[in-house]
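Peer 1: I would like the atomic coordinates for the input below:
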Amino acid sequence: MKVLRFEAEAKIFAGRLEGDRIFPLGSDTFPREFKLNEVRVLPPCVPSKVVAVGLNYRDHADELNLQLPQEPLLFMKPASSVIAHGDPIILPSQSSRVDFEAELAVVIGKTAKHVSRDNAADHIIGYTCLNDVTARDLQNKDGQWTRSKSFDTFCPIGPWIETEIDPADLLIELHLIGVTRLKSRTSNLIFSPAVLVEFISGVMTLFPGDVIATGTTSGIGPMKAGDIVEVHIEGIGLLINPVVNRNVS
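Peer 2: Residues are numbered from 1 along each chain as shown. I've put the predicted structure just below:
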């Protein structure tokens, strides 16, 4: 089932998507529906935090000529960086190179603290698409990742959460102005979603709506104003965002 958040008639709803029709959750007694193209799609969850994982694809490690990590490499993206499908990625004036990174995102559905990998699925509501936008020059300059990953609009998520999918072997692609730039499969993940839930929940409590960004594939590269970037994950959907310059007026 695909579930999403959307705005219609000046109200915010949660709903399930069937084809191009959205049925608000909890409306079974008085059924109604909206057309997908007639609503504003919102981020599918409201995370208190986005916990991201670096160097978690074998092909990405090979691309960078780096050894595989022994444990997940964690960093954070603030909730203020989250935007929805269709919202613009705004290029900050502080950076001269901003990159795309296509990722499978895990959405937490139940509070997770010291959860084993065997029980991780009980705490996951589903999966969605994520673009871990990164100011690459600032990442290299700073020697750590907080500033480069944290600008407003640097975490597009969506367009919805797929609640019934096996994440073990999904095609993941990124298209930039219609050209395929990233292509891999989630079977290339070094640490699976279940392992990540176990590891991260042993460090910090994960709350409903929190997101784990599982890492990018090989082929990362820059975006510029006017580009359209599309993250596609098999069985989930297509996350599309335009790229614009910051309005300095």
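Peer 1: Quick check on Arg58: phi, psi?
Peer 2: In terms of degrees, to the nearest 10, the main-chain angles of Arg58 are phi -60, psi -40.
Peer 1: Surely it touches Arg185?
Peer 2: No - with contact defined as C-beta atoms under 8 Å, Arg58 does not reach Arg185; the gap is 10.4 Å. All C-beta spots, glycine's among them, are computed from the backbone N, C-alpha and C.
Peer 1: List the buried residues of stretch 73-82.
Peer 2: 75-79, 81-82 (16 or more other C-beta atoms under 10 Å).
Peer 1: quick one, phi/psi of Glu63?
Peer 2: phi -60, psi -40.
Peer 1: which residues touch it?
Peer 2: Going by C-beta atoms under 8 Å, 6 or more residues apart in numbering, Glu63 touches 218-219.
Peer 1: Now name the helix or strand holding Cys129.
Peer 2: Assigned by DSSP states H and E, Cys129 belongs to strand 124-131.
Peer 1: ok, back up a step: which of the buried residues of stretch 73-82 lies closest to Val115?
Peer 2: Using C-beta to C-beta, Met76 comes nearest to Val115 of those, at 19.0 Å.
Peer 1: OK, contacts around that closest one?
Peer 2: Neighbours of Met76 in contact, by C-beta under 8 Å, 6+ apart: 49-52, 146, 149.
Peer 1: Quick check: of these, which has the highest neighbour count?
Peer 2: Neighbour counts for the contacts of Met76 (other C-beta atoms under 10 Å) peak at Ala52, which has 27 neighbours.
Peer 1: For the helix or strand of the chain with the lowest mean pLDDT, what is the distance to the chain centroid?
Peer 2: In the chain, the helix or strand scored least confidently by mean pLDDT, DSSP states H and E is helix 58-64, which has a mean of 78. Offset of helix 58-64 from its chain centre (C-alpha atoms, centre = their mean, to the nearest Å): 20 Å.
Peer 1: in it, what's buried?
Peer 2: Buried residues in helix 58-64 (16+ other C-beta under 10 Å): 58-61.
Peer 1: Please parse the protein into its domains.
Peer 2: 1-42, 43-245 (automatic domain parsing).
Peer 1: Tell me which of the ones you listed is the most buried.
Peer 2: For the domains of the chain, the largest average neighbour count (mean count of other C-beta atoms under 10 Å) is found in domain 43-245, namely a mean of 19.
Peer 1: mind checking how far the residue most central in space within the chain is from Asp62?
Peer 2: Centroid-nearest residue in the chain: Leu130, 2.0 Å away (criterion: C-alpha atoms, centre = their mean). To Asp62, Leu130 is 22 Å away according to C-beta to C-beta, to the nearest Å.
Peer 1: cool, Ile236 as well?
Peer 2: From Ile236 to Asp62 the distance is 25 Å (C-beta to C-beta).
Peer 1: Would you reformat the contacts of Met76 as CSV and include distance to Phe199, secondary structure and pLDDT?
Peer 2: Converted to CSV, the contacts of Met76 look like this (distance: C-beta to C-beta, whole Å; DSSP: H, G, I helix; E, B strand; the rest coil; pLDDT from 0 to 100):
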residue, distance to Phe199, secondary structure, pLDDT
Lys49, 15, coil, 98
Val50, 16, strand, 98
Val51, 10, strand, 98
Ala52, 13, strand, 98
Thr146, 20, helix, 96
Lys149, 19, helix, 98
